[in-house]
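1. After the sequence you'll find the predicted model.
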Amino acid sequence: MMAKLKRHLILVAFFALVPLTQPGTAPSNWADAAGGPNTAKPGSTGFASKLGNVGETRTLEILPLVDWNTASLKLRGEAGVSYLVRTDKSTILFDVGGNLENSDPSPLVANMLQLGIKLADIDTIVISHNHPDHVGGQTSMFSRTFSLDSKPVDLRGKRVYVPIPMTYPDIEPVTVLEPMVIAPGVATIGPITGRINMGPVDEQALAIRVEGRGIVLIVGCGHQGLSNLLTRSTLLFEEPIYGVVGGLHYPIPQGRVIVAGVDIQRWATYGSDSGPTADDVQREIDLLARTGPQWVSLSPHDSSDEMIEVFRAKFGPRYHDLRVGEAQLIAGVKP
């Protein structure tokens, strides 16, 4: 187990420390890195009208397939993200994990097999952003593609939505340039550019319009910044935010991956800056609380246990732990 963890850390460190750092792209302060008001492209959160023809869904279930914590020792966790999102009319794979050890099968495929999830059941794939822990590893990231496993997987017939131009064998992924509807009751809010120490990153999130409840945001890493996510949702939808599920990137006081004394997740985001404090995060949590969400679930892949407990204390019974293999039934009847 320790040898496996060591290999995992080395691979993550390699991705974070080597060729991704670009001169002149590091944020000047933590607020920019964490997704403050200056992270988005100028005008990128403003739209002339609400997003029309979204429709709605009566059912919303989110099943984590890859993340740091697992509900069973039979499942494999890693510092990556993949969620299966089920609605009335669609089954969406949101991100594909990291497979940072290039294992066969990958954590995603191994967990799908363990949980009885069939690839044939998935009709849509959405990639939040082009980082290794979301596209299947650093080789995929550098090649601007994504991979579910260590070997190619046939995805013909599936709809694929990506935040930057990406390729995949035998299909043509749709590059999302602005908010768009991708299934009844399901939209991508469009890419928002975050500025972190590694360089700019375009990240999209899903917005699910749940009948009689409101909008549920599903987020990969949260490099957009919480305030920008909330603003984008308000601009696009009449309904209030009912829930937020996924990564918001709060590695405070430290991240999950420490190599040779270097906090990789914090360094990759904030560089040499000290980064946000717990008080800074508390102000963002208060901002979220003012929107009145009824369902909050923070991904542990990029947020510390300490921050998870702060979220739990703030939202009480409205907070739900996010674990691989543990479905979150936000609306509807469990199938």
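-> That came through, no problem. Numbering: from 1, shown residues only.
2. Please report the distance of the most centrally placed residue in the chain from residue 229.
-> The centroid of the chain falls nearest to residue 220 when counting by CA atoms, centre = their mean (0.6 Å). Counting by CB to CB, to the nearest Å, the gap from residue 220 to residue 229 is 11 Å. C-beta coordinates here come from the backbone N, C-alpha and C atoms, glycine included.
3. Mind listing the shared neighbours of the two?
-> Common contacts of residue 220 and residue 229 (CB atoms under 8 Å, 6 or more residues apart in numbering): residue 205.
4. Quick check: pLDDT value at the nearest residue to the residue nearest to the centre of the chain once chain neighbours are set aside.
-> Sequence neighbours aside, residue 128 is the residue nearest to residue 220 in space, at 2.9 Å (criterion: CB to CB, 6 or more residues apart in numbering). pLDDT recorded at residue 128 is 98.
5. you'd agree residue 128 is up against residue 201?
-> No - between residue 128 and residue 201 there is no contact under CB atoms under 8 Å: 9.8 Å.
6. Between those two, which is the more surrounded one?
-> residue 128 (31 against 22; other CB atoms under 10 Å).
7. and the more buried one, what does it touch?
-> Going by CB under 8 Å, 6+ apart, the list of residues near residue 128 reads 81, 94, 95, 134, 163, 203, 204, 205, 219, 220, 221.
8. Swap in 10 Å and give it another go.
-> Listed by CB atoms under 10 Å, 6 or more residues apart in numbering, the contact partners of residue 128 are 81, 83, 94-95, 134-135, 161-163, 188, 191, 201-206, 218-224, 246-247.
9. Tell me which of those fall in strands.
-> Using DSSP state E, the subset of those located in strands is 83, 94, 161, 162, 188, 201, 202, 203, 206, 218, 219, 246.
10. and the spatially closest residue to the second one that is not a sequence neighbour, what is it in contact with?
-> Which is residue 94. Counting by CB to CB, 6+ apart, residue 83 is the residue found nearest to residue 94 once chain neighbours are left out, at 4.5 Å. Going by CB under 10 Å, 6+ apart, residue 83 touches 62-67, 92-95, 97, 126, 128, 206, 218-220, 245-246, 299, 322, 324, 328.
11. Can you mark which positions in stretch 131-140 are buried?
-> 131, 132, 133, 134, 135, 136, 137, 138, 140 (16 or more other CB atoms under 10 Å).
12. dump the residue contacts of residue 229.
-> Contacts of residue 229 by CB under 10 Å, 6+ apart are 35, 45, 189, 192, 203, 205, 207, 217, 219, 222, 241, 244, 248, 288.
13. just checking, residue 70 touches residue 301?
-> No - Residue 70 is beyond contact range of residue 301, at 11.6 Å (criterion: CB atoms under 10 Å).
14. Report the buried residues of stretch 178-198.
-> So for stretch 178-198, counting by 16+ other CB under 10 Å, buried means 179, 181-183, 185-198.
15. gap between the two ends of that stretch?
-> Terminal residues of stretch 178-198 are spaced 24 Å apart (CA to CA, to the nearest Å).
16. That one: how far from the chain's middle?
-> Taking CA atoms, centre = their mean, to the nearest Å, one finds stretch 178-198 lying 11 Å from the centre of the chain it belongs to.
17. now swap in stretch 203-210 and tell me
-> A distance of 11 Å separates the centroid of the chain from that of stretch 203-210, by CA atoms, centre = their mean.
18. ok, now stretch 193-207?
-> Mean-position distance between stretch 193-207 and its chain equals 10 Å (CA atoms, centre = their mean).
19. Next: stretch 306-325.
-> Distance, centroid of stretch 306-325 to centroid of chain: 16 Å (CA atoms, centre = their mean).
20. next one: stretch 211-225
-> The answer for stretch 211-225 is 10 Å, by CA atoms, centre = their mean.
21. May I have that stretch as PDB, with CA atoms only?
-> Extracted in PDB, the C-alpha atoms of stretch 211-225 (Å, rounded to 0.1, in the frame of the first residue of the first chain):
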ATOM      1  CA  GLU A 211     -38.200  20.100 -11.200                       C
ATOM      2  CA  GLY A 212     -39.600  22.000  -8.200                       C
ATOM      3  CA  ARG A 213     -36.200  22.500  -6.600                       C
ATOM      4  CA  GLY A 214     -33.700  24.500  -8.700                       C
ATOM      5  CA  ILE A 215     -30.200  24.300 -10.100                       C
ATOM      6  CA  VAL A 216     -27.700  21.700  -9.000                       C
ATOM      7  CA  LEU A 217     -24.100  22.600 -10.000                       C
ATOM      8  CA  ILE A 218     -21.700  19.700 -10.600                       C
ATOM      9  CA  VAL A 219     -18.100  20.900 -10.500                       C
ATOM     10  CA  GLY A 220     -14.700  19.200 -11.300                       C
ATOM     11  CA  CYS A 221     -12.000  21.300  -9.500                       C
ATOM     12  CA  GLY A 222     -13.600  24.700  -9.100                       C
ATOM     13  CA  HIS A 223     -10.700  26.600 -10.700                       C
ATOM     14  CA  GLN A 224     -13.400  29.000 -12.000                       C
ATOM     15  CA  GLY A 225     -13.800  30.200  -8.400                       C
END
